[in-house]
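Q: Fold the following.
(chains A and B)
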Amino acid sequence: MTELDEYAERIESLAHRLGLDYYPVDFEMAPASLMTEIAVYGLPIRMPHWSFGVRYIHQLVHQSMGHSKIFEVMFPGDPCRAFLMDTNSLAENALVTAHVVGHADFSKNNLLFSRFHEMAGGNIVEKAAAHAQRIQQAIEAAGLERVEAVLDAALALESHVDVGGELHRARYPEFIAEKKKSTVTAFHQRYSQLPGASEPEALPLGLQLSPQRTRVPPHPEYDLLWFIANYAPELEQWERDIFLAVRAESLYFYPVFACQIMNEGWASYWHARLLREADFLPQQTYLAAIKAHSDVVRPYASGEQTALAINPYHLGFTLWEHIVEKHGLAHARQVMREEDDFGFIRNFLDRELAEKLDLFVYEVHQGDEIRVANRDLEAVREAILAPKFNFGAPRVAAVEIKPDGGLILAHEHASDGRGLDAARAKKVLEYTRRVWRRPVRLHTVNDRSEAIELAA
Amino acid sequence: MIRIAAETPWYELFSRGARDWLRHNQKVRAAVKESLPELLAGADLISRPGNRTVLVPVKFLEHARFRLLDPQSRQGAGQGKGQPGDVLQPAREESDSQGRAGGTGNGEIKFVVELKIDEIVDWLWEELKLPELKPKRAATLDEPDYVREGWDKRGARSRLDRRRTMKEAVKRRSIQTDPVAIVNDDLRFRQLVKRATPATNAAVLFALDVSGSMDEAQRRLAKQFFFFALQGIRRQYSKVETLFLAHAAQAWEFDESQFFQASSSGGTVTSCVAQLALEVVQKRFDPSRYNTYFFYASDGENAAEDRDEARSSLGELAGLLNYAGYVETGGVATFRPRETQLAEIFGELKAKGGPVGVSHLGSQEDIWRTIREFFTEQSKND
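A: Alright, predicted model coming up:
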């Protein structure tokens, strides 16, 4: 048994004593190359696509400049899968083990996470690898170009899923039942007919009873991946599979995305607390681990006085410490179960904390000048949350299928505040057209708020 | 229970990131090909036999997503000291000189693709469905050369054909009862004979009008055209010699590096360049041994008094050539409905059945059309 094994076991029993509750965690030591790929793909094995290649190069450049070091990556599930960088020191690994235990506890108990777990099962790593395998088979059967065209579209629409919806969602019902006859009340009887007018004729029987065929879509449909997979006029089965695979992975990423501040904060809170109470750790190891902790959980890069991005580890950690101190651990656990970042920030980031943390809203003006705009609490909260709305994507819905099979999309520019970037949107329409195989059009507004239609 | 596995079997098998990166690069190459004429205009590309690649600076491909328009001013959450109104980061223009530290952070990565010129040209020829050039008939039976022909039982060791020898041995052994592996009789040597082979030498003369009326843009167009014309000829001939002639009221021979920089304020006298070309062809490129091509770019405004002189010397020159191509440069604005003097002269030569092509090169977009015209014309002439 190595030292780390021993520490890990003792950290774990300490965690159980402190009330953490989680699925078992499989740890694996991984080389830097794999850690980089996980950072790029989001999963250890994922479908091939050239856009990941671009991110990969950016990541390599970043790492070579020393901007980011990846200590660990954890995939929730049953069991959870954690990868530790094989160059971590013993102290760093002790810290990372405790950190992962915090994540494991979070992902088993948080409602968003557990909802996905129930829908998809706790083996996303294996599922994604299976998707990649099937896509490889599709490439062999249909050719790289065709598969790539499908992935271009599916990955471009990656965030356009209904995060509140089901993973395995049925098609719209083919028919809707006839409209219920309104019950005739005395009031209705009295005023339905003008004095002297003749009795209105009843509709012919057949017409009245036949159920209505559903319009597709019956309502604006925001789950574009699901909609295209189910209603594209000539989609082949393997193409549909790719869309649904991208959708499943996207739904898996959502809780991680929507709870990032809470989740990283929770894990940081627990690694700090577990190490503090781990009396079995030698003094030297503990100090080294706490040093690593303060490198991760700090608001500014070293030597800086301000930051133009908020470190979720630092913000989350501070909030959880505050909540535990003020309301006790039981209450903190309840918050952890029920909230996502929206509720977490809006309910628990109070004026006192915002002031203590020196949070502000900044504004970038033309010419790239950046100024502090204000320190208003509401504005700070919303500025933190703004990139998280709607899975970070504009609100675009499928609204109609034309008689020629053409697809009409509509952008909710009113709620998003402005129109879409036309050049990029057009590109996405082109990707989409290749799988929809009929014209695809999109309604949005331009920079002068005039309605425009983009087509491909 | 936490288990720690130290085995790392599968991820080292291949790099998924590198695989997708290579695929991205393939797509970049394909995209670059589509905008080749513009990209290739800049560099000094025509000769340099040792360096048959071009470096093209490109951007990363972007996988588009729906994204909101850039707002007039963007907001975000930050952390640190500072009062409303404090400038956290000055506008970019001012700070450039001091060298920014960090700042926006995602420093742009530049990268270049290296393209083989042969690859580019092959692709172009396929894309444009251009015919292959044919060497002149008169010059086809001229170059005696050694070619392989047949086998002999005796010969120099270096010409031993091992495959053939083994075959002979197998044949012999199959009919012998107690065979030996190899005997002298099995040996076969390749034989060489002297045969006349089609001449594969080509000479390409590029002539450029550098008089005052040819502006920078026109010369650039001419250069691009020359580049692709030369590549087309290079595809066909194993040995290509190039010659660069520039003229205004006088004609000079240049080397390539100076050729496109040359300019003169003088008037245009085409006959002098035709004379010089004639001289060079007669002296250096014996028509029976060389396939000679002449490409001439000008805005077409020749001095009026030079008309007859130009007509006769160009006519004489055309008689010695595989093909003469005249490109008239000039933007749409300067496009004249009436024919220029040179267009007229070349038109006449063509009407008389000479191996001549005439085309107008108004802008960037015309280059492919012009190339196509010349090369289809040329194959018709054969």
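
Q: Would you mind pulling the contact partners of whichever strand or helix holds residue B:277?
A: Per DSSP states H and E: residue B:277 is located in helix B:270-284. Helix B:270-284 has contacts (Cβ atoms under 8 Å, 6 or more residues apart in numbering or on different chains) with B:203, B:205, B:207, B:209, B:243, B:245-247, B:249-253, B:287, B:292, B:294, B:296, B:298, B:302, B:306, B:309-310, B:313-314, B:316-317, B:320-321, B:342. C-betas here are computed from N, CA, C, even on glycine.

Q: let's see it at 7 Å
A: Contacts with helix B:270-284, where a contact means Cβ atoms under 7 Å, 6 or more residues apart in numbering or on different chains, come from B:205, B:207, B:243, B:245, B:247, B:250-251, B:292, B:294, B:298, B:302, B:306, B:309-310, B:313-314, B:316-317, B:320, B:342.

Q: Flag every buried residue along that helix.
A: Residues of helix B:270-284 classed as buried by neighbour count (16 or more other Cβ atoms under 10 Å in any protein chain shown): B:270, B:271, B:272, B:273, B:274, B:275, B:276, B:277, B:278, B:280, B:281.

Q: Give me the buried entries from the contacts of helix B:270-284.
A: B:205, B:207, B:243, B:245, B:247, B:251, B:292, B:294, B:298, B:302, B:306, B:309-310, B:313-314, B:317, B:320, B:342.

Q: Out of the residues you listed, which sit inside helices?
A: Judged by DSSP state H, those include B:309, B:310, B:313, B:314, B:317, B:320, B:342 as members of helices.

Q: what's the closest non-adjacent residue to the third one?
A: Sequence neighbours aside, residue B:274 is the residue nearest to residue B:313 in space, at 3.9 Å (criterion: Cβ to Cβ, 6 or more residues apart in numbering or on different chains).

Q: Next: residue A:234.
A: residue A:437 (5.0 Å).

Q: what number of residues lie near residue 188?
A: Unless you meant another one, I'm taking chain A. 11 (other Cβ atoms under 10 Å in any protein chain shown).

Q: Wait, chain B was what I had in mind.
A: By other Cβ under 10 Å, neighbour count at residue B:188 equals 23.

Q: Quickly find the element holding residue A:361.
A: strand A:359-364.

Q: Next, see if that strand gets close to chain B.
A: Yes - Strand A:359-364 lies within reach of chain B by Cβ under 7 Å from any Cβ of the partner chain, at A:359, A:360, A:361, A:362, A:363, A:364.

Q: Contact residues of the stretch 251-400 of chain A facing chain B?
A: Within the stretch 251-400 of chain A, the positions near chain B by Cβ under 7 Å from any Cβ are A:299-300, A:305-308, A:310, A:357-365, A:367-375, A:380, A:383-384, A:393-394, A:396.

Q: of those, buried ones?
A: Applying 16+ other Cβ under 10 Å to those flags A:299, A:306-308, A:310, A:357-364, A:369-375, A:380, A:383-384, A:393-394, A:396 as buried.

Q: quick one: which of those residues sit in strands?
A: Secondary structure assignment (DSSP state E) places A:306-307, A:359-364, A:370-374, A:396 from those within strands.

Q: okay, these in TSV with pLDDT next?
A: Below are those laid out as TSV (pLDDT from 0 to 100):
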residue	pLDDT
A:306	82
A:307	83
A:359	92
A:360	91
A:361	91
A:362	90
A:363	87
A:364	84
A:370	84
A:371	85
A:372	87
A:373	86
A:374	87
A:396	96
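
Q: Can you lay out those as a markdown table showing distance to residue B:367?
A: Output for those, formatted as a markdown table (distance: Cβ to Cβ, whole Å):
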| residue | distance to residue B:367 |
| --- | --- |
| A:306 | 53 |
| A:307 | 52 |
| A:359 | 58 |
| A:360 | 56 |
| A:361 | 53 |
| A:362 | 49 |
| A:363 | 48 |
| A:364 | 43 |
| A:370 | 46 |
| A:371 | 50 |
| A:372 | 54 |
| A:373 | 52 |
| A:374 | 57 |
| A:396 | 41 |
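
Q: For the chain, which segments are assigned as strands?
A: I went with chain A, as the question did not name one. Using DSSP E, strands in chain A cover A:25-30, A:72-75, A:80-85, A:175-176, A:212-213, A:306-307, A:359-364, A:370-374, A:396-401, A:407-411, A:440-445, A:451-455.

Q: Actually, chain B is the one I wanted.
A: Under DSSP E, chain B gives strands at B:2-5, B:53-58, B:74-80, B:87-89, B:111-116, B:143-152, B:189-197, B:201-209, B:239-247, B:251-254, B:291-298, B:323-329, B:356-361.

Q: which one of these lies closest to chain A?
A: strand B:74-80 (2.9 Å; Cβ to the nearest Cβ).

Q: In contact with residue B:155, which residues are there?
A: Taking Cβ under 7 Å, 6+ apart as the test, what residue B:155 contacts is B:189, B:191.

Q: Roughly how far does the nearest residue to residue A:398 once chain neighbours are set aside sit from residue A:152?
A: Spatial nearest neighbour of residue A:398, chain neighbours left out: residue A:221 (4.5 Å); criterion: Cβ to Cβ, 6+ apart. Distance of residue A:221 to residue A:152, given as Cβ to Cβ, to the nearest Å: 21 Å.

Q: Likewise for residue B:184?
A: 67 Å.

Q: More neighbours: which of the two?
A: residue A:152 (22 against 7).

Q: pLDDT below threshold where in the stretch 1-150 of chain A?
A: A:1, A:67-68 (pLDDT under 70).

Q: Enumerate the residues of it near chain B.
A: A:4-5, A:8-9, A:12, A:24-31, A:33-34, A:36-37, A:40-41, A:48-54, A:56-58, A:61, A:97.

Q: again, only this time at 6 Å
A: Residues of the stretch 1-150 of chain A lying near chain B by Cβ under 6 Å from any Cβ of the partner chain: A:5, A:8, A:12, A:24-29, A:34, A:37, A:40, A:48, A:50-54, A:56-57, A:61.

Q: returning to that earlier point: next, the residue nearest to residue A:234: phi, psi?
A: Backbone torsions for residue A:437, taken as degrees, to the nearest 10, come to phi 70, psi 20.
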